[in-house]
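Quick one, what's the 3D model for this:
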Amino acid sequence: MTDIKNLLQEFKHIADNPREQLDKYLDKGIKAVGVFPYYAPEEIIYAGGMFPYGVWGGQGPIDKAKNYFPTFYYSLALRCLEMALDGSLDGLSASMLTTLDDTLRPLSQNYKVSAGRKIPMVFLNHAQHRKEEFGRVYNAKIFKQAAERLEEICGVEITDEKLKEAFEVYNENRALKREFIKMCGDYPKTIKASDRSNVLKASYYMMKDEHSKMLKELIDALKELPKEESNGPRVVTSGIITDNPGLLEVLDDFNICVVADDVAHESRGLKIDVDTTIEDPYMALADQFARMDEDPILYDPDIWKRPEYVVNLAKDNDADGCLVFMMTFNDTEEMEFPSLKQAYEKAGIPLIKMGYDQQMTDFGQVKTQLETFREIVELNRI
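Model prediction:
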């Protein structure tokens, strides 16, 4: 039988040591391409025989990036640029950047004039009118241009056949992650909040077929265990990213069981698979993006669709409430929060908003808010 504890420790080591992972692939002669947030089509990189390396800021100082941004830009963008400037991304053959919110647009241009000379940029300007035919055609065109740019920079060949093979690998990985995420609510003592985060985060620093192999082992081992009762609140989490070790330690201390999430770094990008019946692989990627919904950075004329979706996450997964981790200066998430709060109040489900950024080290306020949340949950359970 698979040793779950050792497997979780292996996921943690990978999640905690991204540079070690990058060097491992580079030492094998595999070229690597940085993938910045959000919704960059990694499959194109994988199809070229290269390693898609997730760049999501992480913990650390912001020094060099301050020369390119005012102080009121959210920390994820600043940390991503800092990584490109401080040597953390050295060895990458290219970086893929998108422009889906008001901070990512200047990030792409600041990257181009600063780090872009050392690590060339592959630029993706998604069409927000992604469901209409003209939007699909446009997005298919920019995805193909991205592939051609990668071929030019990295000296690789990206064929339609290799892309379709990549779709199968990525669809399998997304499906396994969704299955694992669903299982976490059934095994809150075996899979703590930090374990859940590490398993998902590790996939940004591994080839997806390798991550799938490890994840299958974990899922099969969990299925051998009897289901467990939670000692703490069952929650839905929402926000951009929640991988801060200090935050995860607090969640573990409060026995928080994350039964589902609306987190960009976790589930938001996993919901929709590529339709492998579509003949043109670039149209298949455009179709996948067209079916992405319930994300504040994606245009949707129905403003109540997303709040209803996040409320249903709590209802469908028997959650006690929702924890919203609001990244400081992220205008997109801040502007949509009132509708989310109103939807939760209407449903009678507790919702707590907590300020968050990637440089946080003091979680005293979070602890106080979780104390309050736990008391509310206990009263609701009576």
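
List the contacts of the spatially closest residue to Glu43 that is not a sequence neighbour.
Of all residues not flanking Glu43 in the chain, Ala166 sits nearest, at 4.0 Å (CB to CB, 6 or more residues apart in numbering). Every C-beta, even on glycine, is put in place using the N, C-alpha and C of the backbone. Each residue near Ala166 by CB atoms under 8 Å, 6 or more residues apart in numbering is listed here: Glu43, Ile44, Tyr46, Ala47.

is it true that the first one touches Glu165?
No - between Glu43 and Glu165 no contact is recorded; they are 9.3 Å apart, counting by CB atoms under 8 Å.

Buried residues, stretch 160-170. List them.
Neighbour counts over stretch 160-170 (16 or more other CB atoms under 10 Å) mark Lys162, Leu163, Lys164, Ala166, Phe167, Val169, Tyr170 as buried.

what's the answer for stretch 264-276, then?
Neighbour counts over stretch 264-276 (16+ other CB under 10 Å) mark Ala264, His265, Glu266, Ser267, Arg268, Gly269, Leu270, Ile272, Asp273, Val274 as buried.

what do you get for stretch 82-98?
Judged by neighbour count using 16+ other CB under 10 Å, the buried positions of stretch 82-98 are 82-86, 88-89, 91-98.

Mean confidence (pLDDT) on it, please.
Across stretch 82-98, the average pLDDT comes to 96.

ok, now stretch 131-151?
97.

For it, which outside residues touch it?
Contacts for stretch 131-151 (CB under 8 Å, 6+ apart): 33, 41, 44-45, 47-48, 50, 94, 96, 122-130, 156-158, 163, 280, 282-283, 285-287, 289-290.

out of those residues, which are buried?
Buried members of the contacts of stretch 131-151, counted by 16+ other CB under 10 Å: 33, 41, 44-45, 47-48, 50, 94, 96, 122-124, 126-127, 130, 156, 158, 163, 282-283, 285-287, 289-290.

Filter these down to just the ones in strands.
Val33, Ala94, Met96, Val122, Phe123, Leu124 (DSSP state E).

from the chain's centre, how far out does stretch 285-305 sit?
16 Å (CA atoms, centre = their mean, to the nearest Å).

quick one: buried residues of that stretch?
So, applying 16+ other CB under 10 Å, buried residues of stretch 285-305: 285-290, 292-298.

go on, stretch 126-146?
126-127, 130-131, 135-136, 138-140, 142-144, 146.

Same question for stretch 250-261.
Within stretch 250-261, the residues that qualify as buried are Val250, Leu251, Phe254, Ile256, Cys257, Val258, Val259, Ala260, Asp261, counting by 16+ other CB under 10 Å.

Can you check the pLDDT for the nearest residue to the third one once chain neighbours are set aside?
By that I understand Phe254. Leaving out its chain neighbours, the residue that sits closest to Phe254 by CB to CB, 6+ apart is Leu370, at 4.9 Å. Leu370 carries a pLDDT score of 91 in this model.

How about the contacts made by Leu370?
By CB under 8 Å, 6+ apart, the neighbours of Leu370 are Val250, Leu251, Phe254, Ile256, Ile352.

and what of Asp287?
Neighbours of Asp287 in contact, by CB under 8 Å, 6+ apart: Arg136, Val274, Asp275, Ile278.

which residue ranges form the helices in the stretch 51-200 of the chain?
75-85, 104-114, 133-154, 160-184, 193-202 (DSSP state H, counting those that start in this stretch).
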